[in-house]
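Asks: quick one: sequence plus predicted model below, questions after.
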Amino acid sequence: MSKLKIVLVGSFFGLSLMSSYPAWGQGSSFAYGEAGRWAAGVVLGSPSALTAKYWKNSLQAYQFGLGYDMNRHITFYGDHLWHFPRVPGEMNIDAPGLVPYLGIGGLLRVYTDEQPRNRDNEGRNMRLVFRVPLGLEWMIPQVPLGLFVEIVPGVRLVPNLTGEFGGGIGLRYYF
């Protein structure tokens, strides 16, 4: 619970600072999908992680995450995303900056605890997962922030073949 409080207080402090910065409040434009643009932030869910996003072009991006669960595991993931900016307009939804996306990627989780529940019969303590993130990101107009929610079905490949499911809600700052 203390981690959540730290994240919430930090987010509130960061948003307060950004809202007081004059360049973002005086007609500056912020558009999604600018090639070469980076974003960094946090995602809470499964997995909870620090996250980054890099735009390859106006419709494709790469997202990465690095998470650490105290004394349990370290998680790294990477996904290639395709964005569909015209879909909300075609569905008669007037929501500027709302962009659905679909992707493919992978997740690597290395367990650091001594619990046998995370190992296979050969004693390995690693998971390798093929992921398919499905998400919706709101690029907040006039502010360099992206608020996103995603669900992530997947298939665990190592240590055994089984289904996995993840998801989360996050916030990224674009720079």
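Replies: Sure, I can see it.

Asks: SS state for P88?
Replies: Recorded secondary structure, P88: helix (DSSP: H, G, I helix; E, B strand; the rest coil).

Asks: same question for I74.
Replies: Assignment for I74 (three-state DSSP): strand.

Asks: and T51, what does it touch?
Replies: A40, G41, V42, V43, Q63, F64, G65, G170, R172 (CB atoms under 8 Å, 6 or more residues apart in numbering). All C-beta spots, glycine's among them, are computed from the backbone N, C-alpha and C.

Asks: between these, which is closest to M139?
Replies: Closest approach between these and M139, by CB to CB: R172, at 9.6 Å.

Asks: and what about that closest one, helix, strand or coil?
Replies: Taking three-state DSSP, the label given to R172 is strand.

Asks: spatially, what comes nearest to it if we skip its sequence neighbours?
Replies: G41 (3.5 Å; CB to CB, 6 or more residues apart in numbering).

Asks: hmm, the one you found is touching Y173, no?
Replies: Yes - under the criterion of CB atoms under 8 Å, G41 is in contact with Y173, at a separation of 5.8 Å.

Asks: so those two - more neighbours on which side?
Replies: Taking other CB atoms under 10 Å, G41 and Y173 do not tie; G41 has more neighbours (20 against 16).

Asks: and that one, what helix or strand is that in?
Replies: G41 is part of strand 38-46, with elements assigned from DSSP states H and E.

Asks: residue boundaries of the helices in the protein?
Replies: For the chain, applying DSSP state H gives helices covering 2-20, 22-25, 87-90.

Asks: got any ranges where this protein has weak pLDDT?
Replies: Filtered on pLDDT under 70, the chain yields the residue ranges 1-32, 89, 91-94, 115-124.

Asks: please redo it, this time with the cut-off set to 90
Replies: Low-confidence segments of the chain (pLDDT under 90): 1-35, 58, 69-73, 85-98, 111-126, 139-143, 158-160, 175.

Asks: for it, which segments count as strands?
Replies: Remark: strands assigned in the chain by DSSP state E are 38-46, 49-55, 60-69, 73-83, 98-111, 126-131, 134-139, 145-158, 162-174.

Asks: direction included, what does the first one pair up with?
Replies: Paired strands of strand 38-46, with direction, are strand 49-55 (antiparallel), strand 162-174 (antiparallel) (DSSP bridges).

Asks: for P153, find the nearest of those.
Replies: Minimum separation from P153 across the strands paired with strand 38-46 (CB to CB) falls at strand 162-174, 5.6 Å.

Asks: which positions within the closest one qualify as buried?
Replies: E164, G166, G167, G168, G170, L171, R172, Y173, Y174 (16 or more other CB atoms under 10 Å).
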